[in-house]
Each structure stands twice: as structure tokens, then as C-alpha cells.
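> Kindly return the folded structure for what I paste below:
(chains A and B)
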Amino acid sequence: MNQNLLDPSWLARLERMQMASRKAVSGSQAGKRRARQMGSSMEFADFRAYVPGDDLRQLDWNAYARSGKLFLKKYLDETELHVNLYIDCSRSMSYGQPNKMARAVEIAAALGYLSLCHLDHVSVYVFDSRITAALTGLQGKSQAHRLLSFLSSLQEGGTGDIQTAMRQPGAVSGKAGTSIVLSDFLFESGYTEGIAYLQAARQEVTLVQVLSKEELAPEYAGELRLIDSETGQAKEVSLTSPLMEEYHKSLRDYQQELSAFAYGRGIAFVSVEAEQSLESIVFHVFRQAGMIR
Amino acid sequence: MQWMGLGNLWFALIIPAIIVLYLLKRKVEDRIIPSTLLWQRTMQNWEAVKPWERLRRNLLLLLQLLAACLLVLALIRPSVPTEGITSDHTILVVDTSGSMMAKEGNETRLERAISQAKALVEKLGSSQTMTLIEAGLEPNVLVSKSADKEPLMQAIEKLAPFSGTSDQIAALSLAGAIAENEPGSGVVWMGDGSGERKLDGGPVPTFSGSFQFMQMGSTRENTAIGVFVTQPTEKGVEGLLRVDNHGSMPAKGKVTVFDEQDKLLDTDSFSVGAGSSQTFSFQKLAMSRVYRAVIEPEQDGLSQDNVMWSVPFAAGKGKAALYSPEGNRFLHQVLQTVGSLEVETIQQAPDAAAAARDLWVFDGVVPDQLPKGNILLIAPNKKTEWLPLAGEKELDQQPRPVSPDDPLLKHVDWRDVHVAKGYVLDEMPGMKPLVRAGDVDLVRAGIIDGRRMVIIGFDLHASDFPLRPAFPIFMQNVVNWLSPGQTAPIPTAHPGEVLTIPLSPGATTRTLTYPNGHQQSLTEDATSKMMQLPELTGLYRLDEGIDTGTKSTYFTVQMNEEESNIAPKSVSVARKNTDEQKESEEATATDTTGALGTKELTYWLAAFALLVLLVEWRVYQRGY
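Residues are numbered from 1 along each chain as shown, chains lettered A, B, ... in the order given. Sure thing, here's the model as predicted:
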């Protein structure tokens, strides 16, 4: 089951990666992430002179032996990160070879797995026009099994609407963290407010647009009635190469709008092709985009 | 490029039909796609563009349109002129009628036709033959189906114009009949199409072979003497002359009248507008047996019609009686002027015992009994047993000649004549209508009870007819026709016509002198001689030796007035199709030397259309 989701041969490679986040949050449990506050982790940060009241366990005795002064050794407090993965499961995600949904799930699995490896909190939300399934509060590599089996049980649902889905109770975690939205962003009703809502919940948002080759470079020809898989709306077109050029232009415009929106709000935006291999998406696209390091 | 089947052009409607079908048909295939969001945005931009953008780059449609265009082109049967003659056997018909004497540049039309005909003969291939027909008064086969160029050349060089009118229908029929018997024949007609006996109304000859008309004429500017008549009056000889301008530009010039000895008698200048006529009258001409009128126009196409002779009506006078209770000055005057009549005005209707007259003129009255002699009846207002008068009717239409060729209507121009009201006459056996306005017969002529009769069915006072030049000319014609033979001179004839020449009884010798001086003695001992005139215009003289000396009678042979109208026209034939369908077609005038045969492109076009269809089928199969 879940082993199909991620290739075991590069799980080790994945484990060495880490989610990049500008937002480090202190948590109640120790994570593997460096916190900004000085803490009690093993990672050295600084020395400072002893003042009465300091924890004596943190005194650097070696330094005292050489200098006769009391110094405290400062360690960064290691905190965990809240990683929220949003997967669009609207019907339009079921296209492509492999379909966009499957690719999105795989990406979520990879990102979730590497977060778990770093003791981050991982939550997965699946939405179309509402949250259809959610798995929250995973931490630790031992939970990887739960994550993968949850992910592999997902199925695409109905009409996508990120605007209403994000406003649903329980759609957003109360904790500040990183949210990665995996979707094609082809929402009839738009996406701006939904994302803004997510951002308002102290989330560092990353948008991953998954498009299939069918959408990027359609190979239709002749007289077609194009029917929307979600809304059932039909559009009659007579496909000619000038029209195709026009389509490509529309596609470019749409992606530019999306990325301009993201840039304007300080959101990272990545566009991937469902037909691309997962390995190249994770190790090249995401790394280049600075999502993971 | 010619179009032999332009009637099929309506097939071109198939082209918009295909486009409409394409727009309507649009077999759409359903396809479910992830999201139409992007397509909606695409189409928003796209649909702003015109609907026919859909047709762009639609290969199948373009191919179908191409095929349809080719088929329509094939249906209207285009043909290109080809160098030389394409048919195996060419029937060359050369028109030699009077209008072919018109000058085209430095040569006459006939000279031009001769040089082009020679060029054709020189281009004859070794297996090609030619028949040469001269379209004269009667069509004349000069050389029959000869492959030898020498006799053809000789015959062509001998072609000479004649002043008469060629019988176009006969020539076409002959050529058509020859073409029918010789498969692979084509007819080439060299002429100007003008002046020839008209095809209008008559049956159009049908052809099975190809027909090519080579236009020899281009100018239409010509001024001619239409009529020249003279007659002695009490005050001297009066002459009436009409100058016709057949061209499209005004003509100016000088008109001169000479006597028998070429002594100048009178002169005048004329200025005639395009397509119209000017009438002159010459008073008190010195006595002469023959008068000759000459015009010298500044520009002229045909010089042969610039001279006309006139023989005054000199013989004994007939007796005419005019009965006009209301009085009619016009009529009185015209009867004094025209013809050679002694007119007596009578005050009461003649009874059966009235003395015989040559001509009875009734104006505004109808006699109960017809007197002996020919009758001119004007404005008949009473119904009698021989005159079925049906009433009076206001006329709002122009008088229109029914049979313009009738001798009574010769040179009579009805265009300026207006008639206010006329008398409606029922059908009269033996009388035929000559002029009509609407459905009212204005002039009838015919024979009733063995006497010639002309009925003018309107009051002269109710029209402007007496004020027009047409009136004296018409009355002259009428009086001539109603006068008995011996009082009228020998009428003007056309070349090649059959003419009856009255002979004086008891003459011992009779010699006919031709205009060229040739003399012929006549040996007949009768009161008239019927002879076919030679194709020679001019003044003929008949000298008869009678006991009192020699009596000379003159008559003139003139070119047909029709020939003076030299405007080039095309000759048309009907094409006989293989499936016996007749379609009327016009052989258009070609002026290209030597470009004579036509090559139809129909089969090439059809083959090309088939090829396009094959390509289209292939394209369809491969699903472009």
C-alpha cells in the first residue's frame, strides 16, 4: 500500500532534506528544528557571563577551568514546525498520466515524510469545496505509516472551491506554521480570498500548482464540445492552430496572474507538471524554489 | 478567354452553400476535460473575432471550395483562343456586303478580312482542309474542302465587295449544313455583322460544330444620304434629301446637288447630331432628267453611300379626287407636292356613276359605296358594311411601325410623330396593319374588292404628323403605291434585286446602259421585263427607239440603307448540344489575328477538380 507512494530507494535521501521555513515556532515538545530562542538543545549558540539565578547545569566548566570565570554555554532551543498539507481533491484533479491527484498525494507524502523525519508536526487536509478528510497532529517518524496509509486512501471528490473550503471550521490549524497547497488552482470562483484566509491564520503559504500535460499542451483537434468535469459546463470550440495559440496565451496569463498574486503577498509559488517524476519535482523544483533544503 | 456556358454560372451558388453547410453542420465531439476555465478565457478573446474565423485553416473546407470552384468553372466552359485553326475542316465564311467597304484605318474591312483569311490559310496544317464561302446576296461556295493552299489563296484574293446586303441566315445555314456532314468541322465567320439581313425574329441557325466570329469592324462613324427624291412642280423641280448620321459623334459637311451634266445646281451645309438625321429641301432646281446629290462629310466610314441619284417623276400625271368636307390644308398641299397627280377637289361624295379616277382621297368621310379606283381613306369616322369601325380612342403611346420593311414606310421616321386619338378598326381581311400605337392600328394598307386601299386611322389635325418630314415622305410612298404603274417612275432598286422594268410598247430597239458603261440590248417584246440587277450601284439608262425618236428612262440602283449603318455587331448562333438541348450563345467578337481556334478547358478543369477531390478524400482519411 503506502510503500508504493514513496520509492524506498530515495527515502534516505529525503530524510536528509528539511522543510525551509522562515517561521520557526517554539513548541511544547522538542523538535529537531533550531529555535530562535536559546534553549536546551545540543546545538551551541553563544557564551555569556553567569548571573546569579542561571541554571548551574549550563555552566561551562572547561572555560571556568581555563579562565576562572563563570560562563554559561547557550544552546538553541530546538522547536517543532507545524506543517499543513492541503490537497485539492476536486474532480479536475483526476486528469493526467499519472493524474494530478496522485501526483499531489505523492508530493504530500514526500513533504510529510521529510517533515516527520524532522519531528515537525504534520497535518493533512483534503478539500474540494469543503474539507473532506483531515489527519492532524502527526509527529515523529513513527507516524509516517499513518500518514502514508491516510494518503493512499484518498479519492477525488466533487467541485473544487478553495474559497469556501478554507472558511470551514477546522480547515486551518490554530498554530502558526507552514501551509503547502497542492492544487491545479482552476477554481471557477477564484482562489485569492481562500489563500488570504490561510495566510491570515499565521501560515507561511506555499502554492504548488499541479497541472497535467493535457492542460499545458492539449492535443485536441477538430470540432469539440469541451465539458467541464466538475461543473458540467460545455464550451464548443473548433480547434485550429491559431486558437491553440490563443489557449497557450490564456494559460500563460493565468499562471502569471497566480504567481503575481503570490509574489504580491509574499507567498512562494511553484508550478509542476503531473507528468514530471516525483524525484525531479522534489529534488529539483522544490529545492530550486527554496521550499526544502 | 471565352465562356461557352455562362448560363451555368448559377451553379456557383454551391460555394456559399458549402460554407453555410460547414457553419451549420459542425459535427462536434464531446470531450470531458478537467476544467473549462482556461477555455472560457480563451474563447472570450477568440469569440470577439468574426465567426468565419472558424473556417480559417480548415483544410477540408478549402479543398471542397476549390473543387466546387473548379467544377463551376468547368460548367461555364471556358475556352482560350489558340493560335491557328484547331478543327480538321474549317468553313471560312467571308462577308462581302456593302458595309465591308467601310474604311478601317488605311484598308477596308474586306481588305483586312482578306489578309486575315490568307494568314489562316498559311497556318493550315498538312491534314487540315478549308472550305471558302462568300456570304453575298446568296452564299457562294468558292472552294470546297481543299487542303491545297494555292486555290484557296487565289479565291480569297478575288473576293470583292458588292453594294448589296448579304444573306446572313442563308450563309450560316449553308455553313452549318456543311459542318453537319463533315465531322470535325468548325465555322469561322469573317465580317462586321452589320448591315446583314437581320437574324432578329428569324430562326437562329443551329450549329453542332464550333463557331468563331472574327470581327472586322471597329468604327461606327458614317454619314450617308438616306433619301433623295425630286419631282417637278409648277414652280420648278423640288428635291428632298435626308442626311443620316449613323455614328456616335456629330457630323458636319457639305451637300451638293448636280444635274445630269454634272453642273452644280445647289449646295448647302449640314450638321447632324449623333444617330439622327437632317432633312433638306431644294427648291427650283433647273430641269434635268437626272439629279445627283453628293455629301462630303468631314469624317466618313463608308464613301459609297455619299452619292445618290434621283429621277424626277416625269411621266404622265394620274387623276386624283380629294373629298374633304371639312377642308384639309395639309392634305391638299401634300397631294399637290408629291407624286404626279392632277388633284381635283370635289364637293360631294361620288356616286356609282362618278367618273373613274386613279385615286380617291377621302378625308373625314366614308363613302357608302366604294368608287372605282384606288382609295386613300383618312380619319374614317363612320361604320359601313365594308368598314368595321369600333370607336374612337385616346392614344397615349407613340406610333410604332409594325412592318418597317414595307415599301409604304420606307424612310418614314415615326419617332417624332405624336397622335392624340385614333379610330379603332376591327379586323379587316386583306388589310394589314403598318403602324400601330398601343393596340390601335394607325395605318393599314391592303386590297379590298380588287382596289388598293390605304387607311390612315386618325385625323391629321389631331396629330403633329403633317409638321414632320415623315409626312411628305410617307405620302409620297402612299401615292406611289396607289398610283397606277405608268404614272410612276421605275422605283429605286438595290443591287442584286429582281426589278420589273416597264417597257414602252412598240419600241424597235431597247438598250440598257449600266453605270459602268456596259450596254445590253433587250430583245423582249413585252410591256415589262423582269431582270435581276447586277451588283452595281449607280444610274441605269434604258434607251428605247420608238417612232418619235429615242426615249430614255433612268432608274437608279442604290446601296441598301441598312449597309450605311456600319456599327460592328456580333453574329450569334445557337449551339446544338449532343443531347439536343438548345442553348443560345453568343460568339463574341475576337480581333486577334490568327488566334482563331478555341480550346475548351472544361476537361482539364474537371480532371483537376477530380484530383482535388482525391486529395480531399485522402486528407479526410488521415484526419487532418
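
> Look up how far A:Gly264 lies from the spatially most central residue of chain A.
Nearest to the mean C-alpha position of chain A, counting by Cα atoms, centre = their mean, stands A:Ile180 at 2.7 Å. Counting by Cβ to Cβ, to the nearest Å, the separation of A:Ile180 from A:Gly264 is 19 Å. From N, CA and C alone the C-beta is placed, and that goes for glycine too.

> what about B:Gly446, how many neighbours?
Taking other Cβ atoms under 10 Å in any protein chain shown as the neighbour definition, B:Gly446 ends up with a count of 15.

> Report the beta-bridge partner residues of it.
B:Met431, B:Met453 (DSSP bridges).

> what's the pLDDT at it?
Per-residue confidence at B:Gly446 stands at 86 (pLDDT).

> list the contacts for B:Val229?
B:Gly239, B:Leu240, B:Leu241, B:Ser310, B:Ile473, B:Gln476 (Cβ atoms under 8 Å, 6 or more residues apart in numbering or on different chains).

> Secondary structure element holding it?
In this structure, B:Val229 sits in strand B:223-233 according to DSSP states H and E.

> Only the buried residues of whichever helix or strand comes after that strand, if you could.
Read in the C-terminal direction, the helix or strand following strand B:223-233 is strand B:236-245, with elements assigned using DSSP H and E. Within strand B:236-245, the residues that count as buried by 16 or more other Cβ atoms under 10 Å in any protein chain shown are B:Val237, B:Glu238, B:Gly239, B:Leu240, B:Leu241, B:Arg242, B:Val243, B:Asp244, B:Asn245.

> what pairs with the strand or helix carrying A:Ile87, and is each one parallel or antiparallel?
Assigned by DSSP H and E, A:Ile87 belongs to strand A:82-88. Strand A:82-88 has its sheet partners listed here by DSSP bridges as strand A:121-127 (parallel), strand A:177-183 (parallel).

> In TSV, list those strands along with mean pLDDT.
Formatted as TSV, the entries for those read as follows, by pLDDT from 0 to 100:
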stretch	mean pLDDT
strand A:121-127	92
strand A:177-183	92
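
> domains for the chain, by residue range?
Just so you know, I chose chain A. By the record's domain assignment, chain A is partitioned as A:44-77, A:80-216+A:266-289 (the TED database).

> nope, chain B
Structural domains annotated on chain B: B:2-28+B:50-82+B:601-622, B:85-218, B:318-486, B:497-557, as defined by the TED database.

> which one of the ones you listed is the most hemmed in?
Counting by mean count of other Cβ atoms under 10 Å in any protein chain shown, domain B:85-218 has the highest mean neighbour count of the domains of chain B, with a mean of 20.

> Give me the distance from that one to the chain's centre.
The gap between where domain B:85-218 is centred and where its chain is centred comes out at 19 Å by Cα atoms, centre = their mean, to the nearest Å.

> Same list, the contacts of B:Val229, but only the ones touching chain A.
With Cβ under 8 Å from any Cβ of the partner chain as the criterion, the subset of the contacts of B:Val229 in contact with chain A is empty.

> with these in mind, which one is nearest to B:Glu107?
Proximity of the contacts of B:Val229 to B:Glu107 was ranked by Cβ to Cβ; the top entry is B:Leu241 with 30.6 Å.

> circling back to that earlier point, take the buried residues of strand B:236-245 and write them to CSV, including pLDDT.
Converted to CSV, those look like this (pLDDT from 0 to 100):
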residue, pLDDT
B:Val237, 82
B:Glu238, 84
B:Gly239, 86
B:Leu240, 88
B:Leu241, 88
B:Arg242, 88
B:Val243, 88
B:Asp244, 87
B:Asn245, 87
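
> from those, which is closest to A:Met101?
When these are ranked by distance to A:Met101 (Cβ to Cβ), B:Asn245 comes first, at 96.1 Å.

> okay but that closest one is in contact with B:Glu298, surely?
No. Contact status for B:Asn245 versus B:Glu298: not in contact, 11.4 Å apart, counting by Cβ atoms under 8 Å.

> where do the strands sit along the stretch 51-200 of chain B?
Listed in chain order, the strands found in the stretch 51-200 of chain B under DSSP state E, counting those that start in this stretch are B:78-83, B:89-95, B:103-104, B:107-108, B:129-135, B:139-146, B:185-191.

> Let me know which of the ones you listed is the nearest to B:Ile19.
Proximity to B:Ile19, assessed across the strands of the stretch 51-200 of chain B by Cβ to Cβ, is greatest for strand B:78-83 (23.4 Å).
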